[in-house]
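*Asks:* I'd like to go over a predicted model; first the sequence, then the structure.
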Amino acid sequence: MPAAFDPSAAAPQDSGIFGLPHSPEEAHVVLIPVPFEATTSYGGGTSEGPSAVLQASRQVDLFDVETGRPYERGIALLPEPEQWRTWNTRAKERAVPIIEAGGLDASQPELMAASKEVNGLCEQLHEAVYQTAKEWLGKGKRVGAVGGDHSISYGIIRAHAEKYPGMGVLHLDAHADLRDAYEGFAWSHASIMHNVAERIPGVKSLVQVAIRDMSEDEHRYIESSGGRVKAFFDTDLQRKRFDGLPWNRQVDEIVQQLPQQVYLSFDIDGLDPTLCPHTGTPVPGGLSFPEAVALVAGVVRSGRTIVGFDLTEVAPDPEGGEWDGNVGARLLYKMIGWMLKSERP
């Protein structure tokens, strides 16, 4: 940390994430911004999530009562690759006619060609995120991603599962994301956890929290997973709360389903939508901010290690409001802080 840096001073608007001066090489925590939302089928804007979180992060006080001084370890956000933006623009353009048609129609060659191109661009993006995460993990960094829609998580989860085989994924979301090739897109944001479960054998278990919107097929997938996928549905969590079970006792039940090494995959719409009103597919219900933080803290309290994370689906207010970015930035700092506290010699 530079001697002249004052963690209590106002952050310059051209400073790094959370107003910090660290380069990626200096930082212990390296964040990958992924401005990609090719298959978003309802509300859009999450490709601007990384920049919204960056801007709002400069208003976050760096001392945290729970986790201390995470900034002292060094946190850096990588520059957004221009190529990724180009892929996003093209993929969104090609996805539009398929989404407007209500999904892929195999009898229409033009839609089949568009689907193939979108899937190809998504694969390029996932490979690029994977290679970036693998590079920084290889340098001994803790690595996180900031999206973008939830599909962007595939590459970074793959990289972590290779480094930490047998890890579990703790998935906070309003949606199960277990659909198979939703709307004809193999890499849909609605298929991210299906792809993780089917394509990444290094993931031992998937524990889903606050799920409240899913298809019958997704529910059947969970039931037939043999315990590899465990869902804590929002209705059940709320019922137990109404019956007087303290939240931290519910957290203990959730965490017991996880192995020693845990990767966090948090879609912001897992929270109460008053905290993320402009996210693409908001659903009533969900966790409060303190409940989400207590969930992360419970992983650490159990003695488990948080090895990496992603935060996705933050979409800024198109009218210029900063609430979504503000909540996203503060959740991000909490995730980083608890991840660092989970590191043990």
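*Replies:* Happy to help now that I have it. Residues are numbered from 1 along each chain as shown.
*Asks:* what helices or strands is the helix or strand containing residue 54 leaning on?
*Replies:* Using DSSP states H and E, residue 54 falls within helix 49-57. Counting contacts by 3 or more Cβ pairs under 8 Å, 6 or more residues apart in numbering; DSSP states H and E, helix 49-57 is packed against strand 29-34, strand 142-147, helix 323-342. Backbone N, C-alpha and C define where each C-beta goes, glycine included.
*Asks:* what about the strands in this structure?
*Replies:* Applying DSSP state E to the chain gives strands spanning 29-34, 75-77, 142-147, 167-172, 203-211, 229-233, 261-267, 305-312.
*Asks:* quick one on the thing from earlier: need the helices and strands packed on helix 49-57 in a markdown table (columns: mean pLDDT).
*Replies:* As requested, the helices and strands packed on helix 49-57 are exported to a markdown table (pLDDT from 0 to 100):
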| stretch | mean pLDDT |
| --- | --- |
| strand 29-34 | 98 |
| strand 142-147 | 97 |
| helix 323-342 | 98 |
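*Asks:* So which of the ones you listed is nearest residue 20?
*Replies:* Set against residue 20 and scored by Cβ to Cβ, the helices and strands packed on helix 49-57 come closest in strand 29-34, at 9.9 Å.
*Asks:* now the angle from the closest one to strand 305-312?
*Replies:* 30 degrees (axes from the mean of the first three to the mean of the last three Cα atoms, to 10 degrees).
*Asks:* partners of strand 29-34 in the sheet?
*Replies:* Strand 29-34 sits in its sheet next to strand 75-77 (parallel), strand 142-147 (parallel), going by DSSP bridges.
*Asks:* Including mean neighbour count, could those go into CSV?
*Replies:* Converted to CSV, these look like this (neighbours: other Cβ atoms under 10 Å):
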stretch, mean neighbour count
strand 75-77, 25
strand 142-147, 26
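*Asks:* what ranges do the helices span in the protein?
*Replies:* 49-57, 82-100, 109-138, 153-163, 192-199, 216-223, 234-242, 247-255, 289-301, 323-342 (DSSP state H).
*Asks:* quick one, which of those is nearest to residue 67?
*Replies:* Using Cβ to Cβ, the helices of the chain put helix 323-342 closest to residue 67, at 2.9 Å.
*Asks:* For burial, what's the neighbour tally of the nearest residue to residue 90 once chain neighbours are set aside?
*Replies:* In space, and not counting its chain neighbours, residue 90 is closest to residue 121: 6.2 Å by Cβ to Cβ, 6 or more residues apart in numbering. Neighbour count of residue 121, defined by other Cβ atoms under 10 Å: 23.
*Asks:* Report the contact partners of residue 121.
*Replies:* The neighbours of residue 121, taking Cβ atoms under 8 Å, 6 or more residues apart in numbering as the test, are 38, 87, 90-91, 94.
*Asks:* Whichever of those residues end up buried, select them in PyMOL.
*Replies:* Restricted to buried positions by 16 or more other Cβ atoms under 10 Å, the PyMOL selection for the contacts of residue 121 reads:
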select buried, resi 38+87+91+94
